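Asks: this one's structure only:
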């Protein structure tokens, strides 16, 4: 690609509000590549921003008509998790909410969302609050169970606390 084409592409992305992460980010025990976050940004804006806002604050015209209000991701306070108190949810718990929705609320499920897109959204949501960079979800609840470890959704393999790197699919 020529330099002129690259400049045109960059200007086009900027004009469309395209976001580009400069490098990987660490969230708890995960290092997430910039390409995954860029993909998450694009998919989030396609499926989630109508209610949660492009800034993650859930202050959109559509969200004002919903009761309960959509989650403000900048506050990083979550309800649908097993860990008690204000602990962050696991990726698996966030994926369950996105995949299945929350009955009785305006949060629809996205059952046909590609697994790589789902993971990219989950990682991108973490960019809205600095809590994700300084805290990690608990590995066990007070009952000793792994959060989100229901029989129908076992913890993903490799979730033993080792550092993980999230990469886009080939």
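Replies: Nice, I can see it. All of these numbers come straight from a predicted model, not from anything done at the bench.
Asks: which residue is nearest the middle of the chain?
Replies: Compute the mean C-alpha point of the chain, and by C-alpha atoms, centre = their mean the closest residue is residue 122, 2.0 Å away.
Asks: what helix or strand is that one located in?
Replies: Assigned by DSSP states H and E, residue 122 belongs to helix 115-125.
Asks: which elements pack onto that helix?
Replies: In terms of contacts (3 or more C-beta pairs under 8 Å, 6 or more residues apart in numbering; DSSP states H and E), helix 115-125 is packed against helix 34-47, helix 91-100. Bear in mind the C-beta positions are built from the backbone N, C-alpha and C, glycine included.
Asks: you'd agree residue 31 is in a helix?
Replies: No. Residue 31 is assigned strand when assessed by DSSP: H, G, I helix; E, B strand; the rest coil, not a helix.
Asks: hang on, the earlier thing: who's in contact with the residue nearest to the centre of the chain?
Replies: By C-beta atoms under 8 Å, 6 or more residues apart in numbering, residue 122 lies in contact with 40, 91, 94, 95, 98.
Asks: and the nearest residue to it once chain neighbours are set aside, how many neighbours?
Replies: Computed as C-beta to C-beta, 6 or more residues apart in numbering, the closest residue to residue 122 that is not its neighbour in sequence is residue 94, at 4.9 Å. For residue 94, the count of nearby residues is 23 (other C-beta atoms under 10 Å).
Asks: where do the helices sit along this protein?
Replies: Along the chain, the stretches classed as helices by DSSP state H are 3-15, 34-47, 49-52, 91-100, 115-125, 131-134.
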